[in-house]
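In: sequence unknown, structure follows:
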């Protein structure tokens, strides 16, 4: 298998943890994996980008432009920022809830993420929009969207991992007291993904 997966968000959203879950799950399935993170000012709400490359053809951990099979975006503006990495007919799974930049507290920019989501839908026909607030409210925790978005990717059958492979990695990597809510988040995300019709690569 050869697959390029890019994850992006801002500091505190669990982007790096999600990428590590994906990478470990693929390695446990016997795949060759390369990964890298660009963190920058993540602790201050800055951009976080993780590259996960699977397969023998990945000679560098960084995904070239126009090569990512799927982008998992935790924030609308970050999805737009990283869209040049997506290949033709790739898939974007994006959180509809924006994280307003620090400058918003100084100058009201009016940023609400809607313009970004409209742009994504215009540029990428396979855009899956997910309401993180709704999922987290139903689960009872604001920290489970990173696992829920993996469930969405499995549900649309584009992640390249089975449900069992991801759940096994959650069981291995997540502390016992948090596992149940993460299982629920993954299942909720998977159900959302299964409701979307994604066009095939052959189209």
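Out: In hand now; what should we look at? Note that this is a predicted model, so its numbers are computed, not measured.
In: every contact and neighbour count from this point should use C-alpha atoms.
Out: Will do.
In: for this structure, name the helix or strand with the lowest mean pLDDT.
Out: Sorting the helices and strands of the chain by mean pLDDT, DSSP states H and E puts strand 33-38 at the bottom, at a mean of 90.
In: quickly run through the sheet partners of the following helix or strand past that one, with directions.
Out: Secondary structure here is assigned by DSSP states H and E; on that basis, the next helix or strand after strand 33-38 toward the C-terminus is strand 47-54. Listed by DSSP bridges, the sheet partners of strand 47-54 and their directions read strand 3-10 (antiparallel), strand 33-38 (antiparallel).
In: averaged pLDDT, strand 47-54. What do you get?
Out: Confidence for strand 47-54, expressed as mean pLDDT, is 94.
In: what comes up buried for the least confident helix or strand of the chain?
Out: By neighbour count on 16 or more other CA atoms under 10 Å, the buried set for strand 33-38 is 33-37.
In: ok, now stretch 143-163?
Out: Residues 143-159, 161-163 are the ones in stretch 143-163 that count as buried (16+ other CA under 10 Å).
In: for that stretch, measure first residue to last.
Out: The first and last residues of stretch 143-163 sit 20 Å apart, counting by CA to CA, to the nearest Å.
In: okay if I get the buried residues of strand 33-38 as CSV plus distance to residue 188?
Out: Rendered in CSV, the data for these read as follows (distance: CA to CA, whole Å):
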residue, distance to residue 188
33, 27
34, 29
35, 27
36, 28
37, 27
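In: just the closest of these to residue 112, please.
Out: residue 37 (26.5 Å; CA to CA).
In: find the nearest non-adjacent residue to that closest one, please.
Out: The spatially closest residue to residue 37, leaving aside those adjacent along the chain, is residue 50, at 4.3 Å (CA to CA, 6 or more residues apart in numbering).
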